[in-house]
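Chemist: Model the following, please.
(one chain, ligands or ions: 1)
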Amino acid sequence: MNYYKSTGMDLTYREILKWGDKREEGVDPHMMKLIREKFGLTDADFREKHLPGSQPVKLDKPSLLKPGQLIFLKSIAGSENILTDDFSRAKYSYGKFYAELLDLRLNLVPDPPDAVVSPRNHDDIVRIVEFCNEERIPIIPVGGQSSVTGALRAPNGGIALDMTKYLNKIVRLNTVNKTVTVQAGMSGPAFEEELNRHGYTCGHFPQSFEYSTVGGWIAARGAGQASTGYGKIEDMVVALKVVTPAGVIETKEFPRTAQGWDIFRVFIGSEGTLGIITEATLNMHIYRPQNTASASFIFRSFEQAVEAMRKMIQSEYGKPHLFRISDPDETDIAFRTSGFDNTFSDKLLKMLGFMPGKRCLMFVTVEGEKDYAKFVMGKIKHTAGKGKGMYIGRSPVRKWLEQRYTSAYMRDPLMDMGIMADTLETAVTWESLLRLCSAAQAYVRKRPRAFMMIYISHVYENGANLYFTFLTPMEKGNEMKDFTAFHRGLVDTILENGGSISHHHGVGRVLAPWMEGHLGKTSMAALGAVKRHFDPNNIMNPGGTLGLQ
Ligand SMILES: Cc1cc2nc3c(=O)[nH]c(=O)nc-3n(C[C@H](O)[C@H](O)[C@H](O)COP(=O)(O)OP(=O)(O)OC[C@H]3O[C@@H](n4cnc5c(N)ncnc54)[C@H](O)[C@@H]3O)c2cc1C
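Modeler: Residues are numbered from 1 along each chain as shown. Predicted coordinates for the structure are as follows:
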């Protein structure tokens, strides 16, 4: 069956690479001006789309499933839930890593699965896993496909297991325990909408929220914009139901236990290599947006902003939910694209010593009970003032929240313009944070016409994450090799200066080569042993994810 043909969609590589369902958007005019200035580009450089990927998808690898295997899979999941056409096989092997998008623009699909299977329920998955384990057919669990680590590729073929078509509902909302049990393929917006209707929120809002699933959040061990208050996904999960080749694991919901280690935790961050998460039980929080206290501050330097942030989080007077600092480059862009540059207020800020190229924005929200939010925000304002920050009102952070998800739509038009645009992120302790930022900026500045913005958005008592967004003109004709070398150098710089491999994107195949060096041989051997226990025939997302075989 060819599902996509029946929907009348364009069956081109471009249809796969595009972010989101919205019509294609252009680049903000302020941003265009900046790109022209920074990279010395003119209108002639933008006349034609660079590597548009507009050809129809055609695979040179036929599906290798045997007719008998296909018939059996159809008998389990229903023939309408098995796709073997080129477009579907290509589509389900891709996430949104920059090099994957380049592949598609170059009309390449090196690692398609042999089929896409959409199971209807947990029992279908149990039968599919049993069958695939006997037949040694690889399985790649697929959620919203927003992975940025090459984790959905199928280098050994097999089936892409689409979790979104049927396993997309809330199973139980337990208002006594304040927890929710949800199927893994439920998307962020559907999940949140339903929780809100019952007066709750899940508190997990990654920038990919619109196109990611609960199972993907857990499997890739993500973090949302309000993680400083609500925690990372691993702080939210209290129980899991997982189908592995070694059997089904269904953990019970408890507040905490001391019955050995919590087995469900090994599946958080397992990236599909151990089994398929079919259901998760998560803590939920009371939804009361009307109580949110918001504030924006400006600091004269990144160092001052970071110092104030550290004091705020270590003070123990309560935590913000959204907590974010933009470095001077991101702050300057925010001022330009919002039309703030050269306004009366901007001139006033400059007179007060908040200079472009140095000044930094900090955004804070505190959620929860009204008096609590007010109390914590009062303390934060006080600490900001003591740290030489200036309160600049609520509207900058509110505007930022309104356009929170739109910047993700800018990468496709930037790539159309021949601009390499990608991100990396890491976790680092306070004592290494500034050194790591300087080293990363120095690395990027070595490349002619390259530009990088940094922000901090997930904050802990002993450190924070760093998020890097870099832009530079592609080396035309050598796009992939050029990107790979540049990206590798930045990862090396991050690790050499005290950063982790990832704070929330995960590892996938892209960062796998750094795993053993970073974790050490003994830790890697332990991960390998866990993998062999749950997946002795190596059928679960095989071929290098997490540095496993
Ligand atoms: C524009 C953009 C912004 C992003 N912003 C953030 C952010 O703010 N925070 C953040 O944490 N991440 C972010 N990401 C990365 C990505 O969105 C997350 O990793 C997300 O959690 C992936 O969820 P998904 O449903 O899309 O999973 P997929 O991309 O489909 O899969 C990701 C991994 O999880 C595995 N998997 C998926 N479902 C299951 C399951 N049910 N059982 C077992 N394994 C499974 C897959 O095999 C794969 O290894 C961003 C990505 C993009 C493109």
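
Chemist: State the pLDDT value of residue 7.
Modeler: We have a pLDDT of 61 for residue 7.

Chemist: Oh, that last question was meant for residue 13, not what I typed.
Modeler: 97.

Chemist: For the closest residue to it other than its chain neighbours, give me its contacts.
Modeler: In space, and not counting its chain neighbours, residue 13 is closest to residue 53: 3.7 Å by Cβ to Cβ, 6 or more residues apart in numbering. Any C-beta I mention is one placed from the backbone N, CA and C, and that applies to glycine too. The neighbours of residue 53, taking Cβ atoms under 8 Å, 6 or more residues apart in numbering as the test, are 12, 13, 14, 16, 17, 104, 105, 106, 107.

Chemist: Quick one, which of those are buried?
Modeler: 12, 13, 14, 16, 17, 104, 105, 107 (16 or more other Cβ atoms under 10 Å).

Chemist: The third one and residue 54 touch, don't they?
Modeler: So that's residue 14. Yes: if you go by Cβ atoms under 8 Å, residue 14 and residue 54 touch, sitting 5.4 Å apart.

Chemist: if we can go back for a sec, which among the buried ones among the contacts of residue 53 gets closest to residue 419?
Modeler: Taking Cβ to Cβ as the measure, residue 419 sits nearest to residue 105 out of the buried ones among the contacts of residue 53, at 12.5 Å.

Chemist: Next up, the contacts around that closest one.
Modeler: 13, 14, 17, 50, 51, 52, 53, 415.

Chemist: let's go with 6 Å and repeat that
Modeler: Contact analysis of residue 105 by Cβ atoms under 6 Å, 6 or more residues apart in numbering lists 51, 53.

Chemist: Just the pLDDT for residue 4.
Modeler: 55.

Chemist: Pull the number of nearby residues for the residue in the stretch 351-500 of the chain that the ligand sits nearest to.
Modeler: Nearest residue of the stretch 351-500 of the chain to the ligand: residue 408, at 3.6 Å (Cβ to the nearest ligand atom). Neighbourhood size, residue 408 [other Cβ atoms under 10 Å]: 17.

Chemist: That one - nearest residue in space that isn't next to it in sequence?
Modeler: Residue 408 sits nearest to residue 19 (Cβ to Cβ, 6+ apart), 5.4 Å away.

Chemist: Regarding that neighbour, what is its secondary structure?
Modeler: Of the three states, residue 19 takes coil under DSSP: H, G, I helix; E, B strand; the rest coil.

Chemist: returning to what we had before: am I right that the residue of the stretch 351-500 of the chain closest to the ligand sits in a helix?
Modeler: Yes: per three-state DSSP, residue 408 lies within a helix segment.

Chemist: Got the confidence number for residue 337?
Modeler: Confidence score, pLDDT, at residue 337: 87.

Chemist: list the contacts for it?
Modeler: So residue 337 contacts 28, 30, 31 (Cβ under 6 Å, 6+ apart).

Chemist: re earlier: check what pLDDT the residue nearest to residue 408 gets.
Modeler: The score at residue 19 is 94. That number is its pLDDT.

Chemist: Would you check how far apart it and the ligand are?
Modeler: Distance, residue 19 to the ligand, by Cβ to the nearest ligand atom, to the nearest Å: 6 Å.

Chemist: can you tell me which residues contact that residue?
Modeler: Neighbouring residues of residue 19 by Cβ under 6 Å, 6+ apart: 408, 409, 412.

Chemist: I'd like to know which of the contacts of residue 337 are buried.
Modeler: 28, 31.

Chemist: what's the closest of the contacts of residue 337 to residue 462?
Modeler: So of the contacts of residue 337, ranked by how close each gets to residue 462 (Cβ to Cβ), first place is residue 31, at 35.4 Å.

Chemist: now the closest one, nearest residue through space, not along the chain?
Modeler: residue 337 (5.9 Å).

Chemist: list the buried ones in stretch 151-168?
Modeler: So, applying 16+ other Cβ under 10 Å, buried residues of stretch 151-168: 151-164, 166-168.

Chemist: contacts with the ligand among those, please.
Modeler: Counting by Cβ under 6 Å from any ligand atom, 151, 152, 163 from the buried residues of stretch 151-168 sit close to the ligand.

Chemist: quick one: the closest residue to residue 549 other than its chain neighbours and residue 245, what's the gap?
Modeler: What sits nearest to residue 549 in space, not counting adjacent residues and going by Cβ to Cβ, 6+ apart, is residue 538, at 6.2 Å. Residue 538 is 9 Å from residue 245, where distance means Cβ to Cβ, to the nearest Å.

Chemist: helix, strand or coil for residue 530?
Modeler: Criterion first, three-state DSSP; result for residue 530: helix.

Chemist: Give me the nearest residue to it, chain neighbours excluded.
Modeler: Using Cβ to Cβ, 6+ apart, the nearest residue to residue 530 is residue 266, at 5.9 Å.

Chemist: Using CSV, list the CA coordinates for stretch 251-259.
Modeler: Output of stretch 251-259 as CSV, limited to C-alpha atoms (Å, rounded to 0.1, in the frame of the first residue of the first chain):
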residue,chain,number,x,y,z
THR,A,251,7.2,-1.5,36.1
LYS,A,252,4.7,-0.5,38.9
GLU,A,253,4.1,3.1,39.9
PHE,A,254,5.7,3.9,43.3
PRO,A,255,6.8,7.3,44.7
ARG,A,256,10.3,5.9,45.4
THR,A,257,11.7,2.4,46.3
ALA,A,258,14.7,0.7,47.6
GLN,A,259,14.2,-2.6,45.8
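
Chemist: let's have the chain start at 11 instead
Modeler: Right, with 11 as the first residue, what we last looked at is stretch 261-269.

Chemist: buried sites along it?
Modeler: So, applying 16+ other Cβ under 10 Å, buried residues of stretch 261-269: residue 261.

Chemist: any idea how far that stretch is from the chain center?
Modeler: Chain-centre distance of stretch 261-269: 28 Å, with Cα atoms, centre = their mean, to the nearest Å.

Chemist: average pLDDT for it?
Modeler: pLDDT averaged over stretch 261-269 gives 97.

Chemist: contacts for the one helix or strand residue 430 maps to?
Modeler: In the assignment (DSSP states H and E), residue 430 maps to strand 429-439. Strand 429-439 has contacts (Cβ under 6 Å, 6+ apart) with 108, 421, 424, 446, 472-473, 475-479, 481-482, 484, 493, 500, 504, 508-510, 513, 515.
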